[in-house]
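Engineer: When you get a sec, could you give me coordinates for this:
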Amino acid sequence: MPTIAELRPDLHEYLDAHGLTKKWQKAKALFENNPFHTSLNTELLEPKHRAIYSFRLDKRYRALFIHLGGGVIEVFAITKHYRKS
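Structural biologist: Predicted structure coming up:
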C-alpha cells in the first residue's frame, strides 16, 4: 500500500485555516489503506503525461499528488474543487 510523505508546513497551515485537519486524517488513512476507495474518487488529471493525480477530502477540496517511487506519494497542493453543472 502507498505511504503519503509528511506534508509541508504550509499545507498543514492550509488544512488548519480551512477546518480540514480531521477530513485530511480520514482521507489519508483511507488512501494509505486503499488508494481507490470510492469516497476518495482518485483520478489522473489532464494532461495525463504530467502524471498528477488527485483524491477527494470532501466535495469541495482535493489533494493533488505525484508518485515519488517506492510506494511513496507526495501531496503538493490542497485545492478547492469546483464541478460544472
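
Engineer: Off-centre distance for the biggest helix by length in the chain?
Structural biologist: Assignment by DSSP state H gives helix 21-33 as the longest helix of the chain. Taking the mean of its C-alpha atoms, helix 21-33 sits 9 Å from the chain's own mean (C-alpha atoms, centre = their mean, to the nearest Å).

Engineer: Below-threshold pLDDT in the chain: ranges please.
Structural biologist: The model of the chain has pLDDT under 70 over residues 82-85.

Engineer: What helix or strand is the residue nearest to the spatial centre of it located in?
Structural biologist: Most central in the chain under C-alpha atoms, centre = their mean is residue 63, positioned 2.7 Å from the mean C-alpha point. Secondary-structure assignment from DSSP states H and E places residue 63 in strand 61-69.

Engineer: in that strand, what counts as buried?
Structural biologist: 61-65 (16 or more other C-beta atoms under 10 Å). (Glycine included, C-beta is placed from N, CA and C.)

Engineer: got it, and stretch 41-60?
Structural biologist: Neighbour counts using 16+ other C-beta under 10 Å place 42, 52-57 of stretch 41-60 among the buried residues.

Engineer: Run the chain-centre distance for that stretch.
Structural biologist: Mean C-alpha position of stretch 41-60 versus that of the full chain (C-alpha atoms, centre = their mean) differs by 8 Å.

Engineer: do stretch 24-34 as well
Structural biologist: Using C-alpha atoms, centre = their mean, the mean C-alpha position of stretch 24-34 is found 9 Å from that of the whole chain.

Engineer: quick one, the longest helix of the chain and strand 61-69 angle?
Structural biologist: Calculated by axes from the mean of the first three to the mean of the last three C-alpha atoms, to 10 degrees, helix 21-33 forms an angle of 40 degrees with strand 61-69.

Engineer: The closest residue in space to the residue nearest to the centre of the chain that isn't next to it in sequence sits in which helix or strand?
Structural biologist: Using C-beta to C-beta, 6 or more residues apart in numbering and skipping the chain neighbours, the partner closest in space to residue 63 is residue 75 (4.7 Å). Using DSSP H and E, residue 75 falls within strand 72-80.

Engineer: and that strand, which residues are buried?
Structural biologist: Neighbour-count burial for strand 72-80, counted by 16+ other C-beta under 10 Å, picks out 73, 75, 78.
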